[in-house]
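Student: Take this sequence and fold it.
(chains A, B, C and D)
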Number of protein chains: 2
Amino acid sequence: MELKQAQEKFISTWGAFGTQWGINRTMAQIHALLLISEEALSAEDIMKKLNVSRGNVNMNVRDLLSWGIVHKVLKFGERKEFFAAEKDIYKTAIQIMKERRKRELGPVLELLEGLKLAEINEQGGDHFNKVVGEIHTFGESTNKMLDKMIKADEHWFTGSLMKFFVKK
Amino acid sequence: MELKQAQEKFISTWGAFGTQWGINRTMAQIHALLLISEEALSAEDIMKKLNVSRGNVNMNVRDLLSWGIVHKVLKFGERKEFFAAEKDIYKTAIQIMKERRKRELGPVLELLEGLKLAEINEQGGDHFNKVVGEIHTFGESTNKMLDKMIKADEHWFTGSLMKFFVKK
DNA sequence: CTAAACTTTCAATAACTTTTGAAAGTTTAA
DNA sequence: TTAAACTTTCAAAAGTTATTGAAAGTTTAG
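Tutor: Got it, this is the predicted structure:
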């Protein structure tokens, strides 16, 4: 297979997977493109390569920046901005965990805490309280686990955690 | 707060979170409803409680069944089918991991293996091979980790894994 | 300060996903 | 075998999200 074909396959398949998740196709494709680009790319470059509009590129690049997995790169003597993906896949994964925790787990825990504080004493409330309590406990455990993973250094995921799983 | 209010809040908020993920609102709401119902519910029951059509209930219940987090319950003397959610939240989480691994991680690993086998030797191929290789290694590690988690018993998540994270 | 080079916004529209409900299909009891 | 009770399907409609591209905004060089 040729390099160009392989690159295109990577980008388009990554985009298709993105949509299966909650991520939109263009965002996933831009990320894939930046991952395999040695050089940082400008909005113009991305537009041309992926055949999408300026507005679309701008919106999705900003989204990737807000996830902290793509960075602005300024080149001397160039006025325009360039973008590059974090190339360390572990750092990328940790960063995604971090954001998902903040955006998704946080609000869930808030809901559950609120419902626990409501202290339902009505008939039939026992089951409800039990379910809410159990989900909350589970959420708290997950939260703690993510906390440790996030605070640990980059090689920790492959190091200690992997040893823990492999030795068992 | 009253029980009924609390239940409604749980269901509707769970549904809203669902859409943030890749899950559709009705599916998330049906799951929430079944989680807090002591009794198994019929399609009819779900239609009434959530105010959605028969077809919609049917489609989403089938989806939940395919995820293995909701089960059919047959009541003696009743012709219709009833549905109940798996109530153990750890089992539910493990089941979701299992399915996501199969549906999402599997195809990604296949893509990466295919691209690795392509052995690109062209100019500029080194960087591409490196990126693909690193993502693949990461995916394999994650896969192994999930494997251990899935094969372990139910209390293992809270037991050994949590101790591992807390003692550090 | 001005014009050129660039980035951001946003309303319109296209593309996609979910939902409905009626019709078709299936199962069961008598 | 038939009819009632129930489940599934599917095409159309509603709802949602992504994309475009032109206009507005911003920055920088001269």
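Student: Can you say which helix or strand has the residue minimising distance to the centre of chain A in it?
Tutor: Central residue of chain A (C-alpha atoms, centre = their mean): A:Ile96, 3.0 Å from the mean position. For A:Ile96, the enclosing helix or strand under DSSP states H and E is helix A:89-100.
Student: do the same with A:Lys130
Tutor: For A:Lys130, the enclosing helix or strand under DSSP H and E is helix A:125-151.
Student: likewise A:Glu8?
Tutor: Under the assignment given by DSSP H and E, the secondary-structure element containing A:Glu8 is helix A:3-20.
Student: Which positions in that helix come out as buried?
Tutor: The neighbour-count criterion (16 or more other C-beta atoms under 10 Å in any protein chain shown) identifies A:Leu3, A:Ala6, A:Gln7, A:Phe10, A:Ile11, A:Thr13, A:Trp14, A:Gly15, A:Phe17, A:Gly18 as the buried residues of helix A:3-20. C-betas here are computed from N, CA, C, even on glycine.
Student: got a list of contacts for it?
Tutor: Helix A:3-20 is contacted by residues A:1, A:24-29, A:31-33, A:36, A:50, B:22, B:103-104, B:107-108, B:111, B:114-115, B:118, B:120, B:122-125, B:128, B:132 when judged by C-beta atoms under 8 Å, 6 or more residues apart in numbering or on different chains.
Student: So the residue nearest to the centre of chain A versus A:Leu115, what's the distance?
Tutor: Distance, A:Ile96 to A:Leu115, using C-beta to C-beta, to the nearest Å: 28 Å.
Student: The residue in chain A positioned nearest to DNA strand D is in what secondary structure piece?
Tutor: In chain A, no residue comes nearer to DNA strand D than A:Gly55, which is 2.0 Å away by C-beta to the nearest atom of the strand. Secondary structure here is read from DSSP H and E; on that basis A:Gly55 sits in helix A:54-66.
Student: how would you label the residue located most distally from the centre of chain A: helix, strand or coil?
Tutor: For chain A, the C-alpha farthest from the mean C-alpha position belongs to A:Gln123; by C-alpha atoms, centre = their mean, that distance is 42.4 Å. In the three-state summary, A:Gln123 is assigned as coil, counting by DSSP: H, G, I helix; E, B strand; the rest coil.
Student: How is chain A divided into domains?
Tutor: A:3-85, A:89-167 (automatic domain parsing).
Student: Out of those, which gets the lowest mean score?
Tutor: Per-stretch mean pLDDT for the domains of chain A is lowest at domain A:89-167 (a mean of 85).
Student: Is there proximity between it and chain B?
Tutor: Yes: if you take C-beta under 8 Å from any C-beta of the partner chain as the test, domain A:89-167 does meet chain B, through A:89-90, A:93, A:103-104, A:107-108, A:111, A:114-115, A:118, A:120, A:122-125, A:127-128, A:131-132, A:134-135, A:138, A:141, A:144-145, A:148-149, A:152, A:157-158, A:160-162, A:164-166.
Student: Of those, select the buried ones using a PyMOL command.
Tutor: Under the burial definition 16+ other C-beta under 10 Å, those of the residues of domain A:89-167 next to chain B that qualify are selected in PyMOL by:
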select buried, chain A and resi 89+90+93+108+111+115+118+120+125+127+128+131+132+134+135+138+141+145+149+152+157+161+162+165
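Student: At the contact with DNA strand C, which residues of chain A appear?
Tutor: Applying the criterion C-beta under 7 Å from any atom of the strand, the portion of chain A that neighbours DNA strand C consists of A:19, A:42-44, A:54-55, A:58-59, A:61-62, A:78-81.
Student: Of those residues, just say which sits nearest to B:Gly68.
Tutor: A:Thr19 (23.2 Å; C-beta to C-beta).
Student: ok, back up a step: right, and the residue nearest to the centre of chain A touches A:Trp67 too?
Tutor: Yes: here A:Ile96 lies in contact with A:Trp67, judged by C-beta atoms under 8 Å, at a distance of 6.8 Å.
Student: returning to what we had before: now the domains of chain A as TSV including distance to B:His71?
Tutor: Below are the domains of chain A laid out as TSV (distance: least, C-beta to C-beta, whole Å):
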stretch	distance to B:His71
domain A:3-85	25
domain A:89-167	16
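Student: Just list the residues touching A:Ile150, thanks.
Tutor: Applying C-beta under 8 Å, 6+ apart, we find A:Ile150 in contact with A:Ile94, A:Met97, A:Lys98, A:Arg101.
Student: ok, now A:Ala32?
Tutor: A:Ala32 sits in contact with A:Phe10, A:Ile11, A:Trp14, A:Gly15, where contact means C-beta under 8 Å, 6+ apart.
Student: cool, A:Gln123 as well?
Tutor: Under the criterion of C-beta under 8 Å, 6+ apart, the neighbours of A:Gln123 are B:Leu3.
Student: what about A:Asn92, neighbour count?
Tutor: No Asn there; residue A:92 is Thr. Around A:Thr92 there are 20 other residues, counting by other C-beta atoms under 10 Å in any protein chain shown.
Student: Could you measure from it over to A:Lys130?
Tutor: From A:Thr92 across to A:Lys130, the span is 38 Å (C-beta to C-beta).
Student: Need the CA coordinates for stretch A:121-130. CSV is fine.
Tutor: Included here for stretch A:121-130 are C-alpha records, laid out as CSV according to Å, rounded to 0.1, in the frame of the first residue of the first chain:
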residue,chain,number,x,y,z
ASN,A,121,-39.0,8.6,53.2
GLU,A,122,-42.2,7.7,51.3
GLN,A,123,-43.5,4.3,50.7
GLY,A,124,-41.4,2.7,47.9
GLY,A,125,-38.6,5.1,48.6
ASP,A,126,-36.2,2.5,49.9
HIS,A,127,-35.5,0.9,46.5
PHE,A,128,-35.0,4.3,44.9
ASN,A,129,-32.6,5.4,47.7
LYS,A,130,-30.7,2.1,47.3
